[in-house]
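1. coords below, sequence missing:
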């Protein structure tokens, strides 16, 4: 069973940076997983923030391009989300997601079978 544990959330002021981490217990198959970060703000649907494929292909939602960077460390079974120039609109619960069904790099949450518990990011103005 794959388990994902996020860390690194918190309360920051606008313009600050945070780095989220997600440790994935998937054994030696981690390198074949598609990984993504989603977020969900109160009253809104869960949306993809960034994703990274097994071959290091990446996707970003338009609102974070140039500010957020997703990366993975296959030796540590960990995926990261570096968030710079944070804005109040980035306030949400951030979830890590993983999938190894060979679906590419989905933008839809249904494309990921395993999820973390979420970490809160709050950006004050």
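-> Thanks, I have it. Worth saying up front: this structure is predicted, and the values here are computed from it rather than measured.

2. enumerate every residue touching the most centrally placed residue in the chain.
-> Nearest to the geometric centre of the chain sits residue 37, at 2.0 Å (C-alpha atoms, centre = their mean). Listed by C-beta atoms under 8 Å, 6 or more residues apart in numbering, the contact set of residue 37 reads 20, 22, 48-51, 70, 79, 81, 94-97. C-beta coordinates here come from the backbone N, C-alpha and C atoms, glycine included.

3. again, 10 Å this time
-> Contact analysis of residue 37 by C-beta atoms under 10 Å, 6 or more residues apart in numbering lists 6, 20, 22, 48-52, 60-61, 64, 68, 70, 79-81, 83, 94-97, 116.

4. in this protein, which spans are strands?
-> Assigned strands in the chain, in chain order: 3-7, 10-13, 18-25, 34-40, 47-52, 58-60, 68-73, 78-83, 92-99, 114-115, 119-124 (criterion: DSSP state E).

5. make JSON lines from those strands and add distance to residue 107 and mean pLDDT to it.
-> Putting the strands of the chain into JSON lines (distance: least, C-beta to C-beta, whole Å; pLDDT from 0 to 100) gives the following:
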{"stretch": "strand 3-7", "distance to residue 107": "18", "mean pLDDT": "96"}
{"stretch": "strand 10-13", "distance to residue 107": "26", "mean pLDDT": "98"}
{"stretch": "strand 18-25", "distance to residue 107": "18", "mean pLDDT": "97"}
{"stretch": "strand 34-40", "distance to residue 107": "8", "mean pLDDT": "98"}
{"stretch": "strand 47-52", "distance to residue 107": "5", "mean pLDDT": "98"}
{"stretch": "strand 58-60", "distance to residue 107": "7", "mean pLDDT": "98"}
{"stretch": "strand 68-73", "distance to residue 107": "13", "mean pLDDT": "98"}
{"stretch": "strand 78-83", "distance to residue 107": "16", "mean pLDDT": "98"}
{"stretch": "strand 92-99", "distance to residue 107": "11", "mean pLDDT": "98"}
{"stretch": "strand 114-115", "distance to residue 107": "15", "mean pLDDT": "96"}
{"stretch": "strand 119-124", "distance to residue 107": "20", "mean pLDDT": "98"}
